[in-house]
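J.: Attaching a predicted model along with its sequence, questions to come.
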Amino acid sequence: MEEIVFVFAFVAVIIGVMETNELLKRLIGAEPTEGNGELAAANVLAEYFKSAQLACRVDCWDDRRANVAVHVETGG
C-alpha cells in the first residue's frame, strides 16, 4: 500500500490534481481486486504513461498478476 500512496503523490505533483482524479477513477473502474487481478489496472497505467511519452512495459506472470515498469530519464 505504501508504494501506491507514493505513486499517486508523485503523479499528483507531476500532472496535477484534476488529471490525477481522472486516472484514479479509471483505475477504480479496472477493479484491481484479489479476484480480478492487477492486469487491467496495469494496462490503465501503461496506457496513461505511454500517452505522456514515457517508456513503460507491463510485466505479466499469469493472466491476472502484473507490474508496470516506467523508465524516467534523468538529467546528467
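T.: Sure, I can see it. Numbers count the residues shown, from 1 in each chain.
J.: rest of the way, CA atoms for contacts and neighbours
T.: Noted.
J.: what separates the residue nearest in space to the middle of the chain from residue 37, distance-wise?
T.: Centroid check for the chain by CA atoms, centre = their mean gives residue 45 as the closest residue, at 3.1 Å. Separation of residue 45 from residue 37 (CA to CA, to the nearest Å) stands at 14 Å.
J.: Give me the residues contacting the one helix or strand the residue nearest to the centre of the chain maps to.
T.: Taking DSSP states H and E as the definition, one finds residue 45 inside helix 39-51. Applying CA atoms under 8 Å, 6 or more residues apart in numbering, the external contacts of helix 39-51 come out as 23, 26-27, 30-32, 55-58, 60, 63-68, 70.
J.: how about the nearest residue to residue 63, chain neighbours excluded?
T.: Excluding the flanking residues, the one nearest residue 63 by CA to CA, 6 or more residues apart in numbering is residue 39, at 7.3 Å.
J.: Show me where the chain has its strands.
T.: For the chain, the strands defined by DSSP state E cover 55-60, 66-71.
J.: Can you dump the C-alpha atoms of the first one in CSV for me?
T.: The one in question is strand 55-60. The C-alpha trace of strand 55-60 is given here as CSV (Å, rounded to 0.1, in the frame of the first residue of the first chain):
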residue,chain,number,x,y,z
ALA,A,55,8.7,4.4,-21.9
CYS,A,56,7.0,1.6,-20.0
ARG,A,57,6.2,-2.0,-20.1
VAL,A,58,3.7,-4.3,-18.4
ASP,A,59,5.4,-7.4,-16.9
CYS,A,60,2.8,-10.2,-16.5
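J.: Tell me which strands it pairs with, and in which orientation.
T.: Using DSSP bridges, the strands paired with strand 55-60 are strand 66-71 (antiparallel).
J.: List the contacts of the strand it pairs with.
T.: The contact list for strand 66-71, computed with CA under 8 Å, 6+ apart, reads 38-39, 42, 45-46, 49, 54-60.
J.: picking that back up, buried only: go through the contacts of helix 39-51 for me.
T.: 23, 27, 30, 32, 56-58, 64-68 (16 or more other CA atoms under 10 Å).
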